[in-house]
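*Asks:* Requesting a structural model of the entry that follows:
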Amino acid sequence: MSTRTFTTIVSEQSFTEGPRWHEGRLWFSDFYTNRVMSVLEDGADLRLEAKVPGQPSGLGWLPDGSLLIASQHDRLVVRREPDGTLVTHADVSDLITHHVNDMVVDDRGRAYVGSFGFDLMGGDSVTSTNLVRVDPDGSVTEVADDLWFPNGMAITADGRLLIGESFGNRVTSFDIADDGSLSRRGVWASFGPEPVEDALAPAMARLVIAPDGCALDADGTLWIADAIGARVVHVAEGGDILDEVSTSIGVFACALGGHDGRTLFLCTAPDFMETNRRPVREAQILSTRLDSPAM
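*Replies:* Model prediction:
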């Protein structure tokens, strides 16, 4: 485990998620203030980019530069227009029954969108769910099922989709076909027992690593926020843990970026429960320097 020095670049947020390095800035969602924000690497020039009444989560961009935002409660993907207004890009509510969550957008503008699959904040039993693809024209297709809280996602240089399953103790991989469909499902990394449908407390007790937001490194390895471990783990395909960045507070997402791609950003908060996070402003984004650049 490496010893790291952390810099606080953003503070006084509710619950930060979905960090992305884009055009020289770190973009992120703050769940319970309904805001998408961006900031420079050193924490300067914090900007409001969008207000999302349905609660923003995953972020991405179309080839024309338009911002896409996963809107959790209304199960939409919304698009920011040039004048700053938000419009519905896709309604995924026919295929997704609970909150949408993280999202990754490929270089063709296809968005892969995950969801909770059950009422996490209400304490429901843990069940599996699906993954949908939103094409640039807004059409929606189910592309995978039996995923256990599909969360952080990344697309590799060789055309695979990696998905962290927060209640699955694993990262799952798919090959992405030319038409955007997924095939050749496999376990990219496994950390503990196979998931089973169960009440929330025993399901969490079985977790060894709960993969949350992640970032793909230049060599194809993943930096993964461990939602139960107050850390980010650096993982190679097959599951070997190469490094660990630990903090004194929960870490729920991470991103790689900065001027040379060597800055690791961490979205932190004391816990992930809405009843605890909504009324206070204790979430922060920390940064630390790494030895290798991002892709």
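*Asks:* State the number of residues packed around the spatially closest residue to residue 271 that is not a sequence neighbour.
*Replies:* Spatially, and ignoring its direct neighbours in sequence, residue 271 is nearest to residue 250 (5.8 Å; CB to CB, 6 or more residues apart in numbering). Quick note: C-beta positions are derived from backbone N, CA and C, even for glycine. The number of residues packed around residue 250, counting by other CB atoms under 10 Å, is 22.
*Asks:* which ones are touching residue 250?
*Replies:* By CB atoms under 8 Å, 6 or more residues apart in numbering, the contact list for residue 250 reads 227, 230, 268-272.
*Asks:* bridging residues for it?
*Replies:* Residues in a beta bridge with residue 250, per DSSP bridges, are residue 269.
*Asks:* quick one: it and residue 157, what's the gap?
*Replies:* 31 Å (CB to CB, to the nearest Å).
*Asks:* What of residue 256?
*Replies:* 14 Å.
*Asks:* Of those two, which one has the most company?
*Replies:* More neighbours surround residue 256 than the other of residue 256 and residue 157, with 22 against 10 (other CB under 10 Å).
*Asks:* just checking, that one touches residue 264?
*Replies:* Yes: assessed by CB atoms under 8 Å, residue 256 is found in contact with residue 264 at 5.9 Å.
*Asks:* which residue ranges form the strands in the stretch 101-250 of the chain?
*Replies:* Remark: strands assigned in the stretch 101-250 of the chain by DSSP state E, counting those that start in this stretch are 111-115, 129-134, 140-147, 150-155, 160-165, 170-176, 182-190, 211-216, 222-226, 231-235, 241-246, 250-257.
*Asks:* out of the contacts of residue 250, what pair is the most spread apart?
*Replies:* 227 and 270 (12.5 Å; CB to CB).
*Asks:* For these two, work out which one has more neighbours and name it.
*Replies:* residue 227 (26 against 15).
*Asks:* residue contacts, the more buried one?
*Replies:* Applying CB under 8 Å, 6+ apart, the residues contacting residue 227 are 166, 210-212, 250-252, 272.
*Asks:* Among these, show me the least confident.
*Replies:* Among the contacts of residue 227, residue 272 carries the weakest pLDDT, at 94.
*Asks:* what's the nearest residue to that residue if we skip its chain neighbours?
*Replies:* Using CB to CB, 6+ apart, the nearest residue to residue 272 is residue 252, at 6.0 Å.
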